[in-house]
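J.: let's see this in three dimensions:
(2 chains)
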Amino acid sequence: RRESEIHRRRKAERMVGPQYDLVGNPLGAVRATFERAAAAESGGRDPVAAFRSKDWGASEVFRSFLFEQGGLDKVPLLDASNLGLIKPNTLVRFRGMVQDMLGNEFYAGAFKDGSTWRTNKFTDFSPFAMPHPCDSHLWERHLFHCVPVPGQNSWTLESSPGPDLRQMANCLTPEQREKRKRDGDDDAMDVSENGNGGSSSCSKKPKEDDVQIPSSSAEMPASENVPQMNGNDHHIPGSSFSCLVKIYDMPESQVKLNDVAEFIGVYTFDPELAAPNDNSDDIMFDLIEDVTAQLPPSKVPRLHCLVWRKLSSVDFLAKHPAVEPLPSLLKGIRQSLLSHLTLVLGKDDLAANCLLLHLLSRLRTRVDVVTVGRLSLNFTGFNRESVSIFGKQLNTLIQGLMPYSQAIPLSIEYLNTATLQPRKDNKSGRLVTGVLQLPQGAHLTFDETLLQSGSLASKGVENTVLLKNLMESQMVEYDFEYYKLEMATDVQLLTLSEGKSNILPSDLVVPFRASTVSAVNATSEELESWRWYLATVRSLPQSSEPEIYQTIQDEMVSAMRNDRSLGCTELSRWLTMAQITASSFGEKSLSLEHWQMAKELERLRKERMQ
Amino acid sequence: ASNGGGNSNSPYSASSPDVRPSSPLPATNSSPPQSARRASGRLRRGPTSSPSLGGFETPPPPGRRTPSGAGAARQRQNWTGRFPPTPSTPMSTDDVPLSSEAGEEDTPETDGGGVGADATPVFVWGTNISVQDVNAAILRFLRHFRDPRDAGRVDPVMDEGKYMRAIHRILELEGGESLDVDAHDVFDHDPDLYGKMVRYPLEVLAIFDIVLMDLVARMEPLFEKHIQTRIYNLKSSICLRNLNPSDIEKMVSIKGMIIRCSSVIPELKEAVFRCLVCGFYSEPVMVDRGRVTEPHICQKEQCKASNSMTLVHNRCRFADKQIIKLQETPDEIPEGGTPHTVSVLMHDKLVDAGKPGDRVEITGIYRAMSIRIGPSQRTVKSIFKTYIDCLHIKKTDKSRLHIEDSMDTDNTNASKSSEDGHVTDKIDKLKELSKLPDIYDRLTRSLAPNIWELDDVKRGLLCQLFGGNALRLPSGANFRGDINILLVGDPGTSKSQLLQYMHKLSPRGIYTSGRGSSAVGLTAYVAKDPETGETVLESGALVLSDKGVCCIDEFDKMSDNARSMLHEVMEQQTVSIAKAGIIASLNARTSVLACANPSESRYNPRLSVIDNIHLPPTLLSRFDLIYLILDKADEQTDRRLAKHIVSLHFENPEVVEHQVLDLSTLVAYISYSRKYIHPKLSDEAAEELTRGYVAMRQRGNNPGSRKKVITATARQIESLIRLSEALARMRFSEVVGVRDVTEAFRLLEVAMQQSATDHATGTIDMDLIMTGVSSSERQRRDNLVAAIRDLVMEKMQLAGPSMRMAELLEEVRKQSSMEVHQHDLRVALGTLQNEGSVFVHGDSFKRT
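T.: So this is what the prediction gives:
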């Protein structure tokens, strides 16, 4: 208690000064800007009324601090490992996927304390006691339940590490640790014990420790522990780390479900709020219960977002090489990546080429029911043995290259038991996630060699329909109990199977022919450049000169003349392949050369199919 | 905790800045209770004079508010942005009458300070609502509102206003405890009152209730029940996700779907205590803001025992309460969003008015309450919980037949509630579309716009989507309304795309590959080809697509077993499953759309359909329309396809074809029509049908040909009826006209010309479909059999040495001019063996 007293005094002292420690005391800065803005508005009778759903300049201050003065690196990254170590009411970052939208929350945004206006914005509880009948303004904020991106690969975590948390650990008062223990929260207890023992020794601990904890506790899918993927609680929210983000002053439509974003804001933790709520005498509270009630603050940290931005795969790269993606540069990296892929795939050049195109594909447009740009790949000719060799290598490589990837062993049992479909639980009011709740740009590898003949129960049928829909139209149907909603996705799908998979009909079927088995390891520099390459190429804009249209049309017509079995799907795929080939060389527009390359690839593939 | 008066919250200050005192008034917080009594007295001197007392003295209605405006006004202050001492339930409205009147005391006091010395008009605190004015306005409305629809009627009894009649009815029946008031009526009568009511619902409704009580008391002084005013049908309804702080304490109307209902909660309204010592029952104690004070001392003079009072449950009075969760309907959810929910509080009669899954429109007051941190703590969080205090609930659809089909339900809404503007608009649009002269062509164009040509095939598919009328005669005979279509054609002729498209359009479409359809069962089976390792899903497609279109790709590859199941499905529309000794017949009222590839990779125009696709004729005859889609190498089409693909990829989709319905409109159009349009055959149409059918049959009797060729059968006439019904449906026409029949004939003929043409003679031959053998072919076979019989008789001895087939072939070829194949020979010998004249053994045969 004494410490908090001191803390408060220190805070008060700081408030006098013009400059605030934006990381350590963001609320101080918020308040200062508020007071300044309120003073400027004081001409009116109700100076604060104007601030409803509007920024009075607080975000501005943080934005310039974070992005212009390089303050971003000083902000710790909130994750499962340091949940107990970060001091409440400090500035944190959180990177995650919007898993559920919990609607909006009304709060007393501003109130009058005596003759001065105070604000509650960016905090859950008022730092000043609110006189209970008082002038107040009701404002709203949006609640988003965010989780670590499903299937997020560990390298993405290294890209933007927060500052050393050792100081943070020291800052945690024993009292706070006690409090947490009493909450009976196992996770938090583990962590705080970790911090307890480490408060003296953690300064000596190697830094890797911080990286390792998330990779285990956030349950990163690794190919080695594949069974975990169909694990029961991996995807059920609440079991793993998540964060309740409160966003201000923004139309809700700006954030979409499954968006991956970085939220920077005030981390709040109020032990009083965390206290178990057993006041069951008040029946109203039980009934108009809040979804947030199921997200105990001790487990689910609250983040009052000051600044946020959507993340794309480029943002996960370690450093932003400010290099112009020149064709010459990209061409070199392409070559090295391609040769590595060839090695991984046992010197199967054709398969490697197709895999490269597959990795570079993305959903470009949707016209009616037609999706343009996707290229799902089906490697056939695998059996259990070859999967254990090549499949594993492939998975490791994909994990190293793509920001989020998952490997799914497709067996009868998996289909019959796994929860693929996200479902709204109307009892709890929350969206129960399914395996197919994925961010845009996620990569899925299905291992179909495990699939044997057998019966599918109704759940299995539902799951196969979901998978097929995902394959064919890049749509996932979410179950809202009384109706279904289709959500658009952009997921890259790779299937490894014995014969052509008709359950997961891929765009491109390539018989896989490995000649050698070679263990290959890429250096981290190589991996980094490849990641940069993939992220860059995928985000390259595509344009094309109209001259090529005619040529391609002529080519298609003559191809159809020669082979009457060619249809819309095949030709469309050719064009997709040609376009990806073009961009894989860093070209912004399709040239005839790349069209020919794609056709040649297709010819080789056809040859092999026979 | 004193009764908190004071400043209003932002919505109020925004809406009525003129009344709001320039300085916050702490004085109002300290209004002493005595003044409350004084003030209430003053109110009673107002327009709602003594008779209304009766209303006050009646037990306060269990429910959202007290009968007195005063109570509501006080309550409002409790819940607006300030922190009530006990943020318990919003039910705190039920106070002892005296205290409930207390709130009104603010009115004259504050106004005295803020507005001026004029104390005569009683204003609701913080607003510019004058109690007297509103009171008079409501009275005027109730007394004088006349439904414009009644204007024409001259009926002395009906001379009273709409609501006076309603009140009379309530009094007569003694049952109704609420008066439904259409907000549109209020608006029509007095827009100003409507505005006030929406902005200050608590106050205005409270006054409304008082006026009502007053009226009732005058008409029937003995009427004891409290009548509640239920407002419904607001001018504008708000989208659930757009509820924001400025709507707090406003009357709102929202539409949504009930997703959850709590159990009914009995809420204590009056508590009765009994003394454990002397058995004395206390006077009923009113619940005040969710709390009831237990008397410390027994009130009986003789007893006076302390701490002896105990609650007697079955003497207490309870009211029903229920909380439901309302969720947005799918059409209101923006892309990439999840539905919002809101809690709704229901009282009394409204309890259990809706069930989960119901679509409802709720009119109520949006409210917020602050959250207390702990049970004992006085501090409150800055967070508010919001809910809607329900005034009126209206189910927007009572008979939902297809829960999974949102469009269907929307349509139902429209038919049930004409005021449902949004949906009516949609329906009107559809109806407008249906009146277009070229709607048939337009629909054709809109179906799979990416696939060109094949217009007649598309027309047939459209007919399938619209479907005919299923008919069940009293005798038990069943006529299916579903139209089955088979597409046969070369690979790469976009058959599969057509199927895919149909699958998207049809409400319960199932798309399956013939390779893995087991036709029955609700589960599926994963099959693995032992040789190639290809995996296939065998699904019970037909049952799953009950009342939909079952699209079967690769129909020719379907197993015989599954196909035999189709016979039943396509005619009887049921599927029989035998499991564990029980034979179950499941409905499979499905239209089958199948597509098949020719057995040789390409269609052989010299062979008949039957020979091209190895399908049993019995099954083929069950298809209403059979289309041959042949790939005629057509540069024009190829070029168009190429152009389309290129434009798709370069993100400049070619200029959208004009006058094409988009997918959602098309789906809506079809489902509306399927649901509401049930065309009947007109007399002329029936005549035309007979005439056409006779003509069709006569065509078979070519004067030149010796043998009668059947060109049409009874099955065809059923098909024709279905097709013409479907065509009428496309126009939303309740009558099948002659033109529908003519078009049906045309469609059937187009389909038959492609599939039932006898390639030897070039005429339509239904025998081809019915038996698989055309009559000219049959003739040829008969000739062959006769020739062989003659040969055998002539050349071979009875039970003599056998003859090789090759020898016979040579002989036959020598003798007759016709082209004979070994296959034909085998067939002919088979016939002879059946006759008993030869015995075939392997490649040789002998005479028997």
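
J.: only C-alpha atoms for contact and neighbour calcs from this point on.
T.: Noted.

J.: scan chain B for its longest helix.
T.: helix B:775-795 (DSSP state H).

J.: spatially nearest residue to A:Lys599, not counting backbone neighbours?
T.: Leaving out its chain neighbours, the residue that sits closest to A:Lys599 by CA to CA, 6 or more residues apart in numbering or on different chains is A:Trp574, at 6.8 Å.

J.: any idea how many residues pack against whichever residue of the stretch 201-350 of chain B sits closest to chain A?
T.: Going by CA to the nearest CA, chain A is nearest to B:Gly336 of the stretch 201-350 of chain B, at 4.8 Å. Residues near B:Gly336, counting by other CA atoms under 10 Å in any protein chain shown, number 17.

J.: need the phi and psi values for it.
T.: In terms of degrees, to the nearest 10, the main-chain angles of B:Gly336 are phi 80, psi 20.

J.: who's in contact with it?
T.: A:Lys256, A:Leu257, A:Met487, A:Ala488 (CA atoms under 8 Å, 6 or more residues apart in numbering or on different chains).

J.: what's the spacing between it and B:Glu267?
T.: Using CA to CA, to the nearest Å, B:Gly336 is found at 40 Å from B:Glu267.

J.: quick one on the thing from earlier: looking at neighbours, which among the contacts of B:Gly336 is most surrounded?
T.: A:Leu257 (23 neighbours).

J.: is that residue in a helix, a strand, or coil?
T.: Put simply, A:Leu257 is coil when judged by DSSP: H, G, I helix; E, B strand; the rest coil.

J.: correct me if wrong: it contacts B:Pro339.
T.: No - the criterion here is CA atoms under 8 Å, and A:Leu257 misses it with B:Pro339 at 11.0 Å.

J.: any idea how far chain A is from B:Leu505?
T.: 11 Å (CA to the nearest CA, to the nearest Å).

J.: leaving out sequence neighbours, find the closest residue to that residue.
T.: Here the residue nearest B:Leu505, using CA to CA, 6+ apart, is B:Val667, at 5.8 Å.

J.: what helix or strand is the one you found on?
T.: Assessed by DSSP states H and E, B:Val667 sits inside helix B:663-676.

J.: which strands and helices sit next to the helix or strand that that helix is followed by?
T.: Going down the chain from helix B:663-676, the next helix or strand is strand B:680-681, by DSSP H and E. If you count contacts as 3 or more CA pairs under 8 Å, 6 or more residues apart in numbering or on different chains; DSSP states H and E, strand B:680-681 packs onto strand B:735-736.

J.: now the strand it packs on: mean pLDDT?
T.: In this model, strand B:735-736 carries a mean pLDDT of 84.

J.: that one pairs with which strands, parallel or anti?
T.: strand B:680-681 (parallel) (DSSP bridges).

J.: how about residues contacting the partner strand?
T.: B:Glu725, B:Glu734, B:Val735, B:Val736, B:Gly737.

J.: which one among these gets closest to chain A?
T.: B:Glu725 (29.5 Å).

J.: where's the closest one, which helix or strand?
T.: Counting by DSSP H and E, B:Glu725 is part of helix B:714-730.

J.: alpha carbons only: can I get that helix in PDB?
T.: Output of helix B:714-730 as PDB, limited to C-alpha atoms (Å, rounded to 0.1, in the frame of the first residue of the first chain):
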ATOM      1  CA  ALA B 714     -47.500 -39.900 -70.900                       C
ATOM      2  CA  ARG B 715     -44.400 -39.000 -69.000                       C
ATOM      3  CA  GLN B 716     -43.800 -36.200 -71.500                       C
ATOM      4  CA  ILE B 717     -47.100 -34.700 -70.800                       C
ATOM      5  CA  GLU B 718     -46.300 -34.600 -67.100                       C
ATOM      6  CA  SER B 719     -43.000 -33.000 -67.900                       C
ATOM      7  CA  LEU B 720     -44.800 -30.500 -70.100                       C
ATOM      8  CA  ILE B 721     -47.100 -29.500 -67.300                       C
ATOM      9  CA  ARG B 722     -44.200 -29.000 -64.900                       C
ATOM     10  CA  LEU B 723     -42.300 -27.000 -67.400                       C
ATOM     11  CA  SER B 724     -45.200 -24.700 -68.200                       C
ATOM     12  CA  GLU B 725     -45.900 -24.200 -64.600                       C
ATOM     13  CA  ALA B 726     -42.300 -23.300 -64.000                       C
ATOM     14  CA  LEU B 727     -42.400 -20.800 -66.900                       C
ATOM     15  CA  ALA B 728     -45.500 -19.200 -65.400                       C
ATOM     16  CA  ARG B 729     -43.700 -18.900 -62.100                       C
ATOM     17  CA  MET B 730     -40.900 -17.000 -63.800                       C
END
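
J.: in it, what counts as buried?
T.: Neighbour-count burial for helix B:714-730, counted by 16 or more other CA atoms under 10 Å in any protein chain shown, picks out B:716-730.

J.: low-confidence ranges in chain A?
T.: Low-confidence segments of chain A (pLDDT under 70): A:1-20, A:41-48, A:53, A:126-134, A:159-240, A:270-298, A:318-323, A:368-369, A:544, A:564.
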